[in-house]
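S.K.: Okay, sequence plus prediction incoming.
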Amino acid sequence: MKTIVITGATGFVGGALARHYLANGWQVVGLKRPSSKLPTDLEIQWVDGDVIDPASLENTFVGADVVIHAAGMLGEAGIPESTYHNLHVDGTKNVLEAIQKQAPQARVLYVSSPGVLGPIDGAPADEKTPLAPSNPYERSKANAEELVLGFAQKGMDIVISRPEFIYGPYDAHVLGLFTAVKRGIFFYIGNGRSTCHPTFIDDAVHGMALCIEKGDSGQIYHITGPQPVTFKELGETIAQCLDVRPPWIQIPKSIAMIGAFKLELLGKLLGRTPPLSRTGVAFFSENRAFSWHKAQALLEYTPQNDLAMGVQKTVDWYRQQGWL
């Protein structure tokens, strides 16, 4: 039986990867912080540790055939840039150095993001597009990628995957979007014609597994859904699956930015995460579209869930859990 160690296994993506490999007969070890809440359905071996504390990683990766480094945090308002750097850059360095000592022959997958390329104007960006991060989260992931490639050049067997805008069952982060549409309070920034590139969780997991199985060390692969969509298409698809009125409110970006700034200030005073941040306004008003054809040509990856299919599966699961 092969052994896989997954950092970030208590999270949405890491947990989905753990379920995949558990179902396929692997021994799965999940790294968790002592304070982490464990998924109740995920019966794997758990070990305590924190990627930002090198001493806590002692013996974590011993015996691993594969390691997936998926630990991280998404962009949020009020988080200092140093926090992202410590987790995504220093934490990745700690993990890779521990792997070098404990399991030097292991195959490693680093889970990054196409966000390192920043907003995209024109044709979908591929893996040759220059890095152009536009916020603290993206900058930290871009710096981490450069670190990872340095380890690959020195002989570590490591592949970088860039799954984009992942959604699906078990995800509480995108749940807020579905809830806003259901309550009729979701609005478009501008005319809703900016593009995003949603990826259903099953496709993301399948693509990342192919990166591990077939990817070349030192290479980067975009793992995305079939095609980019406008936020108007996204909102209307969610509304259709929920059987509610489609979003219709449009707010100019300048006004949304002012409102988000005020919400951030209020959130700082109250010690709460604001419902809308300037980073969020940017996300909903910029274009992001990515090519997955390198993964198709070299890994035989083809996403199976279009937006309507993925959203319907997500809505069904949310309802089963009583989340919607």
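M.R.: Happy to help now that I have it. Computed from a predicted structure; not experimentally measured.

S.K.: low-confidence ranges in this protein?
M.R.: 77 (pLDDT under 70).

S.K.: switch the cut-off to 80
M.R.: Residue ranges of the chain with pLDDT under 80: 40, 75-78, 267, 270-273.

S.K.: where do the strands sit along it?
M.R.: Taking DSSP state E as the test, the strands found in the chain are 3-7, 27-32, 45-48, 66-69, 107-111, 158-163, 166-167, 188-189, 195-196, 199-200, 220-223, 229-230, 250-251.

S.K.: CSV for those strands, including mean neighbour count and distance to residue 282?
M.R.: To be clear about C-beta, it is placed using only N, CA and C from the backbone, and glycine gets the same treatment. CSV is the format used below for the strands of the chain (neighbours: other Cβ atoms under 10 Å; distance: least, Cβ to Cβ, whole Å):
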stretch, mean neighbour count, distance to residue 282
strand 3-7, 25, 28
strand 27-32, 22, 32
strand 45-48, 13, 36
strand 66-69, 25, 27
strand 107-111, 24, 22
strand 158-163, 25, 19
strand 166-167, 24, 19
strand 188-189, 22, 9
strand 195-196, 18, 12
strand 199-200, 25, 20
strand 220-223, 26, 21
strand 229-230, 18, 16
strand 250-251, 14, 14
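
S.K.: Switch those strands over to TSV; also include distance to residue 175.
M.R.: Shown next, in TSV, are the strands of the chain (distance: least, Cβ to Cβ, whole Å):
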stretch	distance to residue 175
strand 3-7	23
strand 27-32	22
strand 45-48	25
strand 66-69	24
strand 107-111	21
strand 158-163	18
strand 166-167	9
strand 188-189	19
strand 195-196	16
strand 199-200	15
strand 220-223	22
strand 229-230	19
strand 250-251	22
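
S.K.: Let me know which of those strands is the nearest to residue 19.
M.R.: Closest to residue 19 of the strands of the chain is strand 27-32 (Cβ to Cβ; 8.7 Å).

S.K.: just how off-centre is the closest one within its chain?
M.R.: The chain centroid and the centroid of strand 27-32 are separated by 19 Å under Cα atoms, centre = their mean, to the nearest Å.

S.K.: cool, and stretch 83-98?
M.R.: From the chain centre to the centre of stretch 83-98 is a distance of 17 Å (Cα atoms, centre = their mean).

S.K.: what's the answer for stretch 204-212, then?
M.R.: With Cα atoms, centre = their mean as the basis, stretch 204-212 stands 13 Å off its chain's centre.

S.K.: Going along the chain, name the helices of the stretch 151-300 of the chain.
M.R.: 175-183, 201-214, 231-242, 253-270, 278-285, 293-299 (DSSP state H, counting those that start in this stretch).

S.K.: wait, doesn't residue 281 sit right on residue 251?
M.R.: No - Residue 281 is beyond contact range of residue 251, at 9.2 Å (criterion: Cβ atoms under 8 Å).

S.K.: next one: phi and psi at residue 198?
M.R.: Dihedral pair for residue 198: phi -70, psi 150, per degrees, to the nearest 10.

S.K.: My read is that it contacts residue 307, right?
M.R.: Yes - here residue 198 reaches residue 307: they are 6.0 Å apart, a contact under Cβ under 8 Å.

S.K.: higher neighbour count, the two?
M.R.: residue 198 (26 against 21; other Cβ atoms under 10 Å).

S.K.: quick one on the thing from earlier: which of the helices of the stretch 151-300 of the chain sits most buried?
M.R.: Scoring these by mean neighbour count under mean count of other Cβ atoms under 10 Å gives helix 201-214 as the most buried, with a mean of 22.

S.K.: related to what we said a few turns ago, any common contacting residues for residue 281 and residue 251?
M.R.: Common contact partners of residue 281 and residue 251 (Cβ atoms under 8 Å, 6 or more residues apart in numbering): residue 189.

S.K.: circling back to that earlier point, which of the helices of the stretch 151-300 of the chain sits closest to residue 19?
M.R.: Residue 19 sits nearest to helix 201-214 of all those, at 8.2 Å, using Cβ to Cβ.

S.K.: Common neighbours of residue 198 and residue 307, please.
M.R.: Residues touching both residue 198 and residue 307 by Cβ under 8 Å, 6+ apart: 225, 229, 234.
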